[in-house]
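Colleague: Sharing a model prediction with you, sequence too.
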Amino acid sequence: MLIQIVEDDRALSDGIVLALGEQGTEFIQCTGVKGAKQVYGEKRPELIILDINLPDGSGYDYLKWVRSQADTPVLMLTANDMEMDEVMGLSLGADDYMTKPFSLAVLRARIQVLLRRRQQRQTDRFFVDGFLFDFGGLVFEKNGQEISLSKNEQRLLRLFLENEGRVLSRAVLVDRLWTDGAEYVDENALSVTVNRLRGKLEDRREGVTYIQTVYGQGYVWKREETGEQGDAGR
């Protein structure tokens, strides 16, 4: 794990490293906004501990810049203890806010919470080619364009993504999609849902398919080149 500390008080920064240091954890210590941006672009830390008052600018500016790049967890750690400062930090995208002086034990606990949240977000998000499938935020996009999916289409898509390359039988899919009263589901319901999902995700002109039919068995999520590109694919 790589943690970036953006703090101009070197003694405090060193103290945080000493208190939080454990096997497998690395730290990047920066004293200003400019250096922090350069390091972030090169290293992509997994968590940022950020002061507000820095020699060459405001931690708020760095926070806004980070949020334009990614959703890296940011914990603001600052002497600014006014309510408006905390509101500002959180409104700009900070995940947590602590004021100095602080307890190292509490800091350690809050960092663990942020890392657990990050891990949960990652398990809810899938990036496939030009697709973004964010099941936690209910955001589904193809090349930046929103895709509207029904609840069952979302469930089906997640099943495919979590079992990439594995054939899922029709019986398993029906059971997972219609857990209650599955025995009353029309035998055509699964085929209709699969075809609707295909229609929203796939375009034959692009010459790529994702949901493959395995005749006599079920379906599998596997990227395949179809060789059927039309004018749009030339």
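Modeller: Done, it's in. Numbering: from 1, shown residues only.

Colleague: Return the residue spatially closest to L201, with its sequence-adjacent residues excluded.
Modeller: Y210 (6.1 Å; CB to CB, 6 or more residues apart in numbering). Backbone N, C-alpha and C define where each C-beta goes, glycine included.

Colleague: quick one: which helix or strand includes the one you found?
Modeller: Using DSSP states H and E, Y210 sits in strand 208-214.

Colleague: next one: G216
Modeller: Short version, using DSSP H and E: G216 is in no helix or strand.

Colleague: Can you report phi and psi for it?
Modeller: phi 80, psi 0 (degrees, to the nearest 10).

Colleague: Now do it against Y210, distance only.
Modeller: Note on G216: its distance to Y210, by CB to CB, to the nearest Å, is 20 Å.

Colleague: out of these two, which sits in the more crowded spot?
Modeller: Y210 (20 against 7; other CB atoms under 10 Å).

Colleague: That one touches E202, doesn't it?
Modeller: Yes. Proximity of Y210 to E202 meets the contact threshold set by CB atoms under 8 Å, at 6.2 Å.

Colleague: So what sits opposite Y219 in the bridge?
Modeller: L168, T213 (DSSP bridges).

Colleague: need the contact list for it.
Modeller: Neighbouring residues of Y219 by CB atoms under 8 Å, 6 or more residues apart in numbering: 160, 167-168, 170, 173, 194, 211-213.

Colleague: L54 now?
Modeller: 6, 8, 31-33, 62.

Colleague: Just to be sure, R158 is in a strand?
Modeller: No. Counting by DSSP: H, G, I helix; E, B strand; the rest coil, R158 falls outside a strand, being helix.

Colleague: what's near enough to touch the nearest residue in space to it that is not next to it in sequence?
Modeller: Nearest residue to R158 in three dimensions, chain neighbours excluded: F135, at 5.8 Å (CB to CB, 6+ apart). Going by CB under 8 Å, 6+ apart, F135 touches 124-126, 154, 158.

Colleague: Of those residues, which is the most crowded?
Modeller: Most surrounded of the contacts of F135: other CB under 10 Å gives F126, at 18 neighbours.

Colleague: who does the helix or strand hosting that one pair up with?
Modeller: Using DSSP H and E, F126 sits within strand 125-128. Sheet partners assigned to strand 125-128 using DSSP bridges are listed as strand 131-134 (antiparallel).

Colleague: Tell me, domain by domain, which residues of the chain belong where.
Modeller: 1-122, 128-223 (the TED database).

Colleague: possible to save those domains as TSV with mean pLDDT?
Modeller: Formatted as TSV, the domains of the chain follow (pLDDT from 0 to 100):
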stretch	mean pLDDT
domain 1-122	88
domain 128-223	86
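
Colleague: re earlier: among the contacts of F135, which two are most distant?
Modeller: Largest separation among the contacts of F135 by CB to CB: R125 and Q154, giving 13.3 Å.
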